[in-house]
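> can't give you the sequence, but here's the structure:
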């Protein structure tokens, strides 16, 4: 069932016994072992993946081509779409290969890399939602100074800062998880190398690592969520002061898309990463992880394109220009 390479005990971090072995690869079970079910799942996830990549890619292209969309809000939306494309690509292509392949193994190094990149992009997106909430706060509370406050330089620094924080904190989380001794079963009941799923296979008490993960989650999940809520409280108070009902509706509409995406991302992610290993349920966690991994990446282009007149207008311009050229 598992493949291990024996190595000297003293080289292993926090390993109590000398004659232990180190797992060199993991087996990802995925969702089903039934061939018919796997074919259906392959088609479904392939369509979801292609839709996510094409939808987010289209938003990036439209924002880059249309000069009217060269504002801080659409710059941040472009970065969010790029994040989602990378995020879903970290897990779904490999899952599609494993669905059809007889071998479902992933090397230890490959698992480490997938966990790190997935965590880095996820944490980056957590922080980036705060940046987008701040953008809405400035746009509604200080509309006349919007482009002055959110200058090009500040926008670039905010984006660079979120990416740097995400990749740094993910490195801490991944380092502690993958340095645990994995000396027994190597079958991961998941479709990718997610931290809690991998950690459950460690052959030692993981309480200390859970505490480290909880601290990271508080700073990187709870703190951003609190800042988002604080921003929207200020936004709501500012909107309520607007006398025109039509203006109020327009202001609320600009925030609705962001709040919808934040809810679908934060709710399942908070459940997965802010609870102890004792409540770990493989089948339930696999299904819940789909929401903040696959469905959120698909939801973003749908929500922002269907509810946004500027995106629709840019799309019609591009299509009209393409027809004239043809």
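Yes, it's here. Because the structure is a prediction, the values reported are computed rather than measured. Numbering: from 1, shown residues only.
> so where is the stretch 201-326 of the chain shaky, pLDDT-wise?
Where the stretch 201-326 of the chain drops to pLDDT under 70, the residues are 273-282, 306-307, 321-326.
> Excluding chain neighbours, what is closest to residue 69?
With C-beta to C-beta, 6 or more residues apart in numbering as the criterion, residue 69 has its nearest non-adjacent residue at 4.7 Å, and that residue is residue 63. From N, CA and C alone the C-beta is placed, and that goes for glycine too.
> buried set for stretch 218-227?
220, 221, 224, 225, 227 (16 or more other C-beta atoms under 10 Å).
> For the first one, give its distance to residue 130.
This means residue 220. In this structure, residue 220 lies at 10 Å from residue 130, with C-beta to C-beta, to the nearest Å as the measure.
> and if you look at the second one?
Remark: distance between residue 221 and residue 130 (C-beta to C-beta) = 11 Å.
> again with the last one
As judged by C-beta to C-beta, residue 227 and residue 130 stand 5 Å apart.
> Residue 163 too?
13 Å.
> And for residue 285?
In this structure, residue 285 and residue 130 are 26 Å apart, going by C-beta to C-beta.
> can you check residue 184 too?
Residue 184 is 40 Å from residue 130, where distance means C-beta to C-beta.
> Between those two, point out the one with more neighbours.
A side-by-side neighbour count of residue 184 and residue 130, using other C-beta atoms under 10 Å, places residue 130 first with 20 against 14.
> Tell me, how many residues neighbour residue 256?
11.
> and whichever helix or strand it is part of, what does it pack onto?
Secondary structure assigned from DSSP states H and E places residue 256 in helix 245-273. Applying 3 or more C-beta pairs under 8 Å, 6 or more residues apart in numbering; DSSP states H and E, one finds that helix 245-273 makes contact with helix 108-141, helix 195-199, helix 207-217, helix 223-240, helix 282-290, helix 296-306.
> can you do 7 Å?
Here helix 245-273 touches helix 108-141, helix 223-240, helix 282-290, helix 296-306, going by 3 or more C-beta pairs under 7 Å, 6 or more residues apart in numbering; DSSP states H and E.
> in that helix, what's buried?
With burial defined by 16+ other C-beta under 10 Å, the residues of helix 245-273 counted as buried are 251, 254-255, 257-262, 264-266, 268-273.
> Any figure for the gap between residue 57 and residue 84?
Taking C-beta to C-beta as the measure, residue 57 and residue 84 are separated by 10 Å.
> higher neighbour count, these two?
Neighbours per residue, other C-beta under 10 Å: of residue 57 and residue 84, the larger number sits with residue 84, 26 against 14.
> give me the element the more buried one is part of.
Remark: residue 84 resides in helix 72-89, with elements defined by DSSP H and E.
> Now do the SS call for residue 185.
Here residue 185 is recorded as coil under DSSP: H, G, I helix; E, B strand; the rest coil.
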